[in-house]
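1. Here is a sequence with its predicted model. Questions after.
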Amino acid sequence: LASSQIRTYGADPAPVTAQYVGLVDGEESLATEATCVTSGSTSSDVGEYETSCSGASDPRYSFEYLTGKDVVTPKPATVTASSQTRVYGTASGPVTASYDGFVNGDSAPTTPATCSSTGSASSGVGEYTTACSGAADANYSITAIDGIDQVTPAALTVRASSQTRVYGTAPAAVAPTYDGLVNGDRAPETLPTCATTGTASSNVGQYSTRCDGALDPDYTITTVTGLDTVTPAAVTIKAPTLTVTFGSPISLTPSVEGLVNDDTRASLGAGLGCATPATPTSAPGTYVTRCSGAVNANYTFTYVGGLVTIYKKNVVVTASSTTVAYGANVPGVTPSYVGWVNSQGTGELTTAASCTTVYGTTTSVAATAANRQTSCSGAVADNYAFSYVTGLVTVGKKNVDVTASSHTVYYADAVPTVPPTSDVL
């Protein structure tokens with residue numbers, strides 16, 4: 001009787017042994033032992049193969065040979081779905097099958113497995129199953145082992161917007177921009193809150209803008225700050241334009257345009273001032289005025305010059321007035337000057353005023369003022385202009401002495417005639 005065996009596909013067949021049934025007298029062996037074989041081999045497919053024995057010899061026995069079975073069963077094998085780790089938003093890579101337990105030069109089952117992942121490019125962060133199915137081979141008992149499709153957060157950068165503005169202006173709203181959004185996402189699940197450390201009253205300089213608080217399970221979020229840059233405001237400083245008369249003090253006050261944030265001229269420093277080459281003793285003419293010395297880091301300065309115009313100082317020349325008796329000689333008329341400055345006087349005249357009167361020796365007491373007027377004209381001085389005030393000659397009545405004549409008469413003479421005498425008649 002040939003021995004039987006059960007083995008898995010790919011296993012070497014065990015030696016086939018002969019079992020003897022019918023030996024007597026306690027015998028256990030024959031003169032010539034039987035030779036036993038199997039029709040199966042290591043590479044035999046799953047199935048039943050015959051074991052047989054032959055060639056036994058012994059003069060004491062005759063032989064009948066019975067076959068046995070060499071049973072080849074499916075070999076256990078596994079098909080394992082590949083695992084992968086990928087970033088949110090990227091497509092799942094191909095899922096491949098790896099086979100374990102195959103023998104006899106087999107590298108895969110006759111019907112390969114079909115593999116896939118339950119995750120997709122739009123799947124959120126998490127673990128998804130990769131699986132292979134459909135593998136078949138008569139020589140194997142195949143067990144499928146799942147893998148993992150691990151989706152990790154994508155990198156998302158949230159950048160705060162930057163801006164440049166002029167000192168005194170309010171900052172614009174800070175807005176986020178996103179770098180790294182995928183799958184049609186327009187923003188993280190929880191939006192950030194954005195702000196700047198600068199205000200409308202912030203001095204010139206750079207301030208940080210930030211967008212914080214963004215959250216999304218599908219992203220690893222990094223924030224990048226921006227800059228709120230405050231630049232100087234433009235200020236125009238104008239020197240005054242004014243007119244003065246010769247000898248007057250000159251006061252220069254700048255006008256300032258463009259100050260913001262309740263800043264005043266005092267905010268520009270004690271060095272701000274204006275100057276001109278003109279002085280109270282400068283000759284009449286036009287002189288420039290200029291300002292300088294403003295200091296404030298929040299402003300840039302443009303200076304605009306002005307003019308100071310010095311006009312001649314007016315001096316009032318008054319013709320002298322006098323009183324005369326009717327018939328008197330024409331009096332002399334003299335000028336008087338009012339209005340000299342800088343301790344100056346008639347010494348500044350290059351031409352003295354000449355004076356006259358319309359009065360004549362025949363001007364009557366009843367003459368009008370126009371016929372008795374005194375006047376001056378013609379005064380000239382470099383730094384002065386002249387206006388003139390007339391005077392008057394007042395004509396009074398001429399005093400006349402009337403003398404009665406004297407006579408000598410005798411007693412009883414007739415009364416003499418007494419004629420008057422006068423020194424002007």
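-> Looks like it arrived, so ask away. Numbers count the residues shown, from 1 in each chain.
2. Any regions of the protein where pLDDT drops low?
-> For the chain, residues meeting the criterion pLDDT under 70 lie at 422-425.
3. Kindly recompute the last result at 50.
-> By pLDDT under 50, the low-scoring segments of the chain are 425.
4. May I ask which helix or strand encompasses the most centrally placed residue in it?
-> Of all residues in the chain, the one closest to the mean position by C-alpha atoms, centre = their mean is Thr164, 1.9 Å from it. Assigned by DSSP states H and E, Thr164 belongs to strand 163-166.
5. hmm, who's touching whichever helix or strand comes after that strand?
-> Downstream of strand 163-166, the first helix or strand assigned by DSSP H and E is strand 176-179. Outside strand 176-179, the residues that touch it by C-beta atoms under 8 Å, 6 or more residues apart in numbering are 156-161, 187-188, 191-192, 194, 211, 214. (C-beta placed from N, C-alpha, C; glycine too.)
6. Recalculate using a threshold of 6 Å.
-> The contact list for strand 176-179 (C-beta atoms under 6 Å, 6 or more residues apart in numbering) reads Thr157, Val158, Arg159, Pro192, Cys194, Cys211.
7. packing partners for the helix or strand just after it?
-> Using DSSP H and E, the helix or strand that follows strand 176-179 towards the C-terminus is strand 193-196. Secondary-structure packing of strand 193-196 (3 or more C-beta pairs under 6 Å, 6 or more residues apart in numbering; DSSP states H and E): strand 205-212.
8. follow-up on the earlier one: the residue nearest to the centre of the chain contacts Thr229, correct?
-> Yes. With contact defined as C-beta atoms under 6 Å, Thr164 counts as touching Thr229 (4.5 Å).
9. Off-centre distance for stretch 276-289?
-> Relative to the centre of its chain, stretch 276-289 is centred 46 Å away, using C-alpha atoms, centre = their mean, to the nearest Å.
10. repeat for stretch 229-242
-> The chain centroid and the centroid of stretch 229-242 are separated by 21 Å under C-alpha atoms, centre = their mean.
11. and if you look at stretch 294-301?
-> Its chain's C-alpha centre lies 19 Å from the corresponding centre of stretch 294-301 when counted by C-alpha atoms, centre = their mean.
12. what's the first-to-last distance across it?
-> From its first residue to its last, stretch 294-301 covers 8 Å (C-alpha to C-alpha, to the nearest Å).
13. what does that stretch rub up against?
-> Contacts to stretch 294-301, defined as C-beta under 6 Å, 6+ apart, come from residues Tyr167, Asn203, Val204, Pro232, Ala233, Ala234, Val235, Ile237, Ser267, Leu268, Gly269, Leu272.
14. Repeat the analysis, applying 10 Å as the threshold.
-> Contacts of stretch 294-301 with the rest of the structure, by C-beta atoms under 10 Å, 6 or more residues apart in numbering, involve 166-168, 201-205, 230-237, 254, 256, 258-261, 263, 265, 267-273, 291-293, 303.
15. Check which residues of that stretch are buried.
-> Buried residues in stretch 294-301, defined by neighbour count with 16 or more other C-beta atoms under 10 Å: Ala294, Asn296, Asn298, Tyr299, Phe301.
16. Okay, and which of those residues map to strands?
-> Within the buried residues of stretch 294-301, residues falling in strands by DSSP state E are Tyr299, Phe301.
17. Between the buried residues of stretch 294-301, which sits nearest Pro13?
-> Taking C-beta to C-beta as the measure, Pro13 lies nearest Asn298 of these, at 99.7 Å.
18. Give the closest residue to that closest one in space, chain neighbours not counted.
-> Tyr167 (4.6 Å; C-beta to C-beta, 6 or more residues apart in numbering).
19. what's the neighbour count on the one you found?
-> Residue crowding around Tyr167 was assessed by other C-beta atoms under 10 Å; the count is 23.
20. which stretches of this protein form helices?
-> Using DSSP state H, no helices are found in the chain.
21. ok, Arg265 touching Thr253?
-> Yes. Applying C-beta atoms under 10 Å, one finds Arg265 in contact with Thr253, separated by 9.0 Å.
22. List just the nearest of the buried residues of stretch 294-301 to Val400.
-> Ala294 (83.3 Å).
23. Distance of the closest one relative to Ser267?
-> 9 Å (C-beta to C-beta, to the nearest Å).
24. Overlap of the contact sets of those two?
-> Contact criterion C-beta under 10 Å, 6+ apart; residues shared by Ala294 and Ser267: Val235, Val256.
25. picking up where we left off before, apply the buried test to the contacts of strand 176-179 and list what passes.
-> For those, a neighbour count by 16+ other C-beta under 10 Å gives the buried set as Thr157, Val158, Arg159, Pro192, Cys194, Cys211.
26. And the strands in the stretch 1-150 of the chain?
-> For the stretch 1-150 of the chain, applying DSSP state E, counting those that start in this stretch gives strands covering 5-8, 35-38, 47-54, 68-73, 75-81, 84-87, 97-100, 114-117, 126-133, 140-145, 147-152.
27. Give the buried residues for the strand holding Thr164.
-> Gln163, Arg165.
28. what bridges to Tyr287?
-> Counting by DSSP bridges, Tyr287 forms beta bridges with Val308.
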